[in-house]
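Novice: Structure for the following, please:
(one chain, ligands or ions: 2)
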Amino acid sequence: MSTSLERRKVLKDNDLACYERMLEIRQFEKRTNELFAAGEIRGTTHLCVGEEALNLGLATVLNPDDVIAATYRSHGIALAFGISPHSAMAEIMGKSTGCAGGVGGSMHMCDSSVGVLPTSAIIGGGMPVAAGAALAFQIQKKKNVAVAYFGDAATNIGAFHESMNLAAIWKLPVIFVINNNVYGEYTRINLSTPIEDLHIRADSYAMPSIKLDGMDIYAVRTGMQEAIDRARRGDGPTLVEAKTYRFAGHSRADQALYRPEGELEMWQKRDPILLTEQALTKKGILDEAKIAQMKAAAEATIEAAIAQATKDPEPTVKDMFSNIFTSQKVG
Ligand SMILES: Cc1ncc(C[n+]2csc(CCOP(=O)(O)OP(=O)(O)O)c2C)c(N)n1
Ligand SMILES: [Mg+2]
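Specialist: Numbering: from 1, shown residues only. Ligands and ions are numbered 1, 2, ... in the order given. Model prediction:
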């Protein structure tokens, strides 16, 4: 079985492997949703369907020793960055073989071997964490970069502005990536935020910004590379806005009935998997038979992961108290 690091490295300069990973993410999310609906998984979950190109774009331009602080909508980030479908599914199912030992669940994917910092369910919670990681890289004179990955609604949170301000003034090697998927919970962006182009908020912090098409893996890579180069040169942070669309509802209980008619269908024409298929077909790397074969293989991979995770043991009560640290004497 491959390690997370091997699963990450296989993506480098390998568009077919990236396409394969996107299929895995899509199928993983489909089955996760079904397992929740069937009551086979407890709690809730937030699907990233439609955001696969952004996930893979980030995973392929960052190095495994760079870090990312992501959100509760990060199954795709986890898989793209190298966490195996089995490890991610076991985590969601609360099994001890999960990437966080089964005590984190859907919203807390992490794996330090590939730079996935513990993901946070607190909106904006990852931004100061990423800025802090970038400060550590700066102090240690390392060339690594940190990414804060968050949603459009998170740009209205205080932590966004505080992190952006500090990162700008200290020229931290951090990249703030907004996954602008048009919705924050059940609210369309125009009802919560007075601007649609969120990257212009960088102007207030004299920070460069980039707006890119988050449905297109090549556009993600180009924009991110520019930001990464700037950070590694010591020229400070960038605010990147990736335009995507949340194909599913906010969480598993949400049918997204508040969406304007035709909006989903319009975005589905630019489904990141479809765009990648078209690009790779044009390059002669894919054809219909190969696409069908790869989709079947992705289904089999995810089924095997579910079967294994289902059989795996749950953590013990004692496991709940491991990995807890304190720097002070308590009491
Ligand atoms: C500090 C804080 N406030 C409110 C919430 C409740 N909440 C959960 S998801 C969400 C919307 C986030 O939307 P966005 O940042 O666009 O991310 P997306 O879900 O679209 O990926 C809110 C307000 C929270 N988890 N944390
Ligand atoms: Mg959003």
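
Novice: What parts of this protein come near ligand 2?
Specialist: For the chain, the residues in contact with ligand 2 (Cβ under 5 Å from the ion) are 151-152, 181, 184. The C-beta positions use only the backbone N, C-alpha and C, and glycine is treated the same way.

Novice: State the pair within the residues you listed that is farthest apart.
Specialist: Asn181 and Gly184 (8.9 Å; Cβ to Cβ).

Novice: what about the two, which has more around it?
Specialist: Comparing Asn181 with Gly184 by other Cβ atoms under 10 Å, the one with more neighbours is Asn181, at 24 against 20.

Novice: which stretches of the chain form strands?
Specialist: Taking DSSP state E to define them, one finds strands in the chain at 67-69, 146-151, 174-180, 183-184, 187-188, 209-213, 238-243.

Novice: Next, count neighbours for whatever residue of the chain ends up closest to ligand 1.
Specialist: Residue of the chain nearest ligand 1, by Cβ to the nearest ligand atom: Gly151 (2.1 Å). Counted by other Cβ under 10 Å, the residues lying close to Gly151 total 24.

Novice: What of Val317?
Specialist: 7.

Novice: OK, contacts around the closest residue to ligand 2 within the stretch 101-250 of the chain?
Specialist: In the stretch 101-250 of the chain, the residue that lies nearest ligand 2 is Gly151 (3.5 Å; Cβ to the ion). By Cβ atoms under 8 Å, 6 or more residues apart in numbering, the contact set of Gly151 is 71, 73, 123, 178-181, 184.

Novice: Would you mind reformatting the strands of the chain (as JSON lines) and adding columns for mean pLDDT while you're at it?
Specialist: Formatted as JSON lines, these follow (pLDDT from 0 to 100):
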{"stretch": "strand 67-69", "mean pLDDT": "98"}
{"stretch": "strand 146-151", "mean pLDDT": "98"}
{"stretch": "strand 174-180", "mean pLDDT": "98"}
{"stretch": "strand 183-184", "mean pLDDT": "98"}
{"stretch": "strand 187-188", "mean pLDDT": "97"}
{"stretch": "strand 209-213", "mean pLDDT": "98"}
{"stretch": "strand 238-243", "mean pLDDT": "98"}
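
Novice: which other residues reach stretch 185-205?
Specialist: Taking Cβ under 8 Å, 6+ apart as the rule, stretch 185-205 contacts 152-153, 155-156, 160-161, 164-165, 167-168, 178, 180, 182-184, 208-211, 238-241, 250, 254, 256, 258-260.

Novice: where do the helices sit along the stretch 201-331 of the chain?
Specialist: Counting by DSSP state H, counting those that start in this stretch, the stretch 201-331 of the chain has these helices, from start to end: 217-233, 263-268, 272-282, 288-311.

Novice: so where's the stretch 201-331 of the chain uncertain?
Specialist: 329-331 (pLDDT under 70).

Novice: Close to ligand 1: what parts of the stretch 51-200 of the chain are there?
Specialist: By Cβ under 6 Å from any ligand atom, the part of the stretch 51-200 of the chain that sits against ligand 1 consists of 71, 73, 121-123, 150-154, 179, 181, 183-185.

Novice: if I look at Asn181 and Gly184, which residues touch both of them?
Specialist: Common neighbours of Asn181 and Gly184 (Cβ under 8 Å, 6+ apart) are 151-152.

Novice: Please pick the buried ones from the residues of the stretch 51-200 of the chain next to ligand 1.
Specialist: Neighbour counting by 16 or more other Cβ atoms under 10 Å classes 71, 73, 123, 150-154, 179, 181, 183-184 among those as buried.

Novice: Of the residues you listed, which is the nearest to Val220?
Specialist: Asn179 (10.6 Å).

Novice: contacting residues for that closest one?
Specialist: By Cβ under 8 Å, 6+ apart, the contact list for Asn179 reads 51, 54, 73, 149-152, 214, 242, 244.

Novice: ditto for Arg232
Specialist: Going by Cβ under 8 Å, 6+ apart, the list of residues near Arg232 reads 143, 145, 173.
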